[in-house]
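**Q** predicted coordinates and the sequence they were generated for:
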Amino acid sequence: MTVKVGLLGLGTVGIGTAKILLDPAERHPLVKAVEIYRVGVRSLDKPRAIELPRDRLTTDLQAIVTDPNVDVVVELIGGLEPARSLILEAIRQGKHVVTANKAVIARYGDEIFTAANEAGVYVLLEAAVGGGIPVIQPLKQALGVNRIQAVTGIVNGTTNYILTRMQEEGGDFEAILADAQKLGYAEADPTADVDGLDAADKIAILASLAFGGRIKLEDVFCEGIRHVSASDIAYADRLGFVIKLLAIARRDTCPMSNEALEQLQLRVHPTLVPKHHPLASVNDVYNAILVEGDPIGQVMFFGPGAGEGPTASAVVSDILNIVGTLQSQSVAAASEPQNPLLACTHQHYCQVSPMADIVSRFYVRLLAKDQAGVIGRIGTCFGNHEVSIESVVQIDVHGETAEVVVVTHEVKESNFQAALAELREFANIQQVPSVLRVL
Ligand SMILES: NC(=O)C1=CN([C@@H]2O[C@H](COP(=O)(O)OP(=O)(O)OC[C@H]3O[C@@H](n4cnc5c(N)ncnc54)[C@H](OP(=O)(O)O)[C@@H]3O)[C@@H](O)[C@H]2O)C=CC1
Ligand SMILES: N[C@@H](CC=O)C(=O)O
Ligand code: NA
C-alpha cells in the first residue's frame, strides 16, 4: 500500500523531507511506501536543490488539501495563515496531518486537535519542538507512564548560539546578534527568537504533553535575552554559573507540605544555570530538554534543534508513524478508534500559577554609591521583605560608584519584587541594571 503525501512547502524543511523520501535506501522499509504526490509552493520558478517532476508542483495549496488522493498533508510553510486554515481543511477532508509549525500549534492547538479527534485523524508534530530531537513522541509514549515533575529546556538554537558566543568572547548582545545575522545563524527579524516567543511556543507544546492538559499561550511568562549584558555573563561566570535562555514547565508544590499541586509554572527567561547542571554545557545552536518524572528520574534529550536534515528526520518519522497505522488498519476493521498513543487525548486547560507566586533564586546587579553602610542597607531592604541573601559581593568600583552583585536564596517573586521596589527608592542606589533568575 502506497501512502500519498501532499507536501505544503519546499523550503529548508520541505527540501530535507523530500530528500529523505526520495532516497529510501538503508532507512526503515516503510519509507518506500511513501509517495510525494503533490507539492505546494509560492513560486513555481524558484530554483530548488531537488529534482521533482514539474507537474507535481503547484501554487494552489487548497487543491492539495482537498485532493481525494492525498492521504497525509505535511504542512511546512510556517506562519499562522494560511497554515492554520489549510491544516483545518485537511482534517475536514479526513486527512492526517504532519506539521513542524510550533507557532500554529501553540496558538490553535485546541481548535486543531478538537477537529482532528472529531474527524478521527492524527496531527503529529515532532519537528515543532527541538527539531530533530525526538521529544514529543517520547513524552507521549516512552515516558507516558511517568508522573512528570518538570520539563526544562534550551529550545531555541539562535539564542543559545548568541549566549554561547557572549560567554566565549565576552562580547555584548547587539554586536553578536549582528554577526549571527551576517553568518545566517539569526534571522533578519530576530524578534521571535531573541524575545523568547519561539521558546514560549515550544514550552507550551511540551507542557501540554507532559502534564496532560491544554495550555493558553498567554499564560506562559516570557522574557528574552536582549538585556543580558557581557558584565552579567562575566559575573555569573565568577559565581559559578552560565546564562541560558531556559523554557521551564514545572508542577508547583505546596510550600507547607512539598506535595504536588494541580498548578503549573510556565516561564521562559534568561537564567543563571550552575556550571555542573546538565543544561549548562549545551552550547551553540544545540537544544536540550531535561525531563524529570516519577519513577524515571532525570532524562535529557540533546541534539540539533533545527536545520534541514535534522528537522526533516522528525517530519519523516511522523509520516512513518501514520503510514504504519494506516497499513495496520487496512487489514483490520474499518472505522478503527484512534490510537491514543498518537492522538491528542486531553480536553481541559492546565491551571497556571501567577508569576508573583513562583519561588526562585535571583541574581541582581546594582550600581551604588561607594559609601559606608550601603551593603548593610541593601541587606536590610531585602530582609524587610523576607528575602534571604545567599551572597553579596562588591565587585568593581568606578570612581564613586560600586558595582554590587547579590544572589538570593529561594524567595517568592512578589516578595523579591517588593524588596527591589524599596531598594530603587534608596538614594544611594543609582541603578539596577540587571535582575535575572537563578536555577
Ligand atoms: N528551518 C528550520 O530549521 C526549522 C523549521 N521549523 C518549522 O518548519 C516550518 C518550515 O520552515 P522552513 O522550511 O525553514 O521555511 P522556509 O521559509 O524555508 O520554506 C517555506 C516554504 O513554504 C512555501 N510557502 C510559504 N508560504 C506559502 C504560501 N502562502 N503559499 C504557498 N507556499 C508557501 C515557500 O514557497 P517558496 O519556496 O515558493 O517561497 C517555501 O517553499 C516552519 O513552521 C518552521 O517554524 C521547525 C524547526 C526547525
Ligand atoms: N528559530 C528556531 C529554529 C526553529 O525552531 C531556533 O533558533 O531554535
Ligand atoms: Na523534535
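**A** Alright, I've got the coordinates. Ligands and ions are numbered 1, 2, ... in the order given.
**Q** what are the phi and psi values at Val268?
**A** Val268 adopts backbone torsions of phi -130, psi 120, taken as degrees, to the nearest 10.
**Q** I'd like to know how many residues surround the residue in the chain that ligand 3 sits nearest to.
**A** When scored by C-beta to the ion, the chain has Gly130 as its residue closest to ligand 3, at 3.9 Å. Heads up, the C-betas are built off the backbone N, CA and C, glycines and all. Number of residues near Gly130 (other C-beta atoms under 10 Å) recorded here: 30.
**Q** which residues of the stretch 251-400 of the chain lie near ligand 3?
**A** Within the stretch 251-400 of the chain, the positions adjacent to ligand 3 are Ala314 by C-beta under 5 Å from the ion.
**Q** by proximity to ligand 2, which residue of the stretch 251-400 of the chain wins?
**A** The nearest approach of the stretch 251-400 of the chain to ligand 2 comes at Ala306, 3.8 Å away (C-beta to the nearest ligand atom).
**Q** can you tell me which residues contact the residue nearest to Leu52 when sequence neighbours are not counted?
**A** Nearest residue to Leu52, sequence neighbours excluded (C-beta to C-beta, 6 or more residues apart in numbering): Val39, at 6.3 Å. Val39 makes contact with Gly6, Leu7, Leu8, Leu10, Gly14, Ala18, Leu52, Arg56, Leu57, Thr58, according to C-beta atoms under 8 Å, 6 or more residues apart in numbering.
**Q** who's Val39 bridged to?
**A** Leu7, Leu57 (DSSP bridges).
**Q** how near is it to Val13?
**A** 13 Å (C-beta to C-beta, to the nearest Å).
**Q** do Val352 as well
**A** Val352 is 31 Å from Val13, by C-beta to C-beta.
**Q** who has more neighbours, these two?
**A** Val13 (27 against 21).
**Q** and the helix or strand where the more buried one lies, anywhere near ligand 2?
**A** Per DSSP states H and E: Val13 is located in helix 12-21. No. Helix 12-21 stays clear of ligand 2 (C-beta under 6 Å from any ligand atom), getting no nearer than 9.2 Å.
**Q** ok, now stretch 96-103?
**A** No. Taking C-beta under 6 Å from any ligand atom as the criterion, stretch 96-103 and ligand 2 are apart, separated by no less than 6.5 Å.
**Q** contacts for that stretch, please.
**A** By C-beta under 8 Å, 6+ apart, stretch 96-103 touches 13, 71-80, 83, 87, 90-91, 105, 112, 116, 121-125, 127-129, 192, 198, 201-202, 205, 311, 314-315, 318-319, 322, 326.
**Q** again, but for stretch 320-329
**A** With C-beta under 8 Å, 6+ apart, stretch 320-329 has contacts from 1, 3, 28, 30-31, 33-34, 71-72, 96, 98, 122, 124, 137, 336, 339, 342.
**Q** the same query, at a cut-off of 7 Å, please.
**A** 1, 3, 28, 30-31, 33-34, 71-72, 96, 122, 124, 336, 339, 342 (C-beta atoms under 7 Å, 6 or more residues apart in numbering).
**Q** narrow those residues to those that are buried.
**A** Burial by neighbour count, 16 or more other C-beta atoms under 10 Å: within those this picks out Val3, Leu30, Val31, Ala33, Val34, Asp71, Val72, His96, Tyr122, Leu124, Leu342.
**Q** ok, the fourth one to ligand 1 distance?
**A** Just to be clear, that refers to Ala33. Per C-beta to the nearest ligand atom, to the nearest Å, Ala33 is found 24 Å from ligand 1.
**Q** again with the last one
**A** Using C-beta to the nearest ligand atom, Leu342 is found at 20 Å from ligand 1.
**Q** need the nearest residue in space to that residue, chain neighbours excluded.
**A** Closest to Leu342 by C-beta to C-beta, 6+ apart is Tyr122, at 5.1 Å.
**Q** cheers, nothing more for now.
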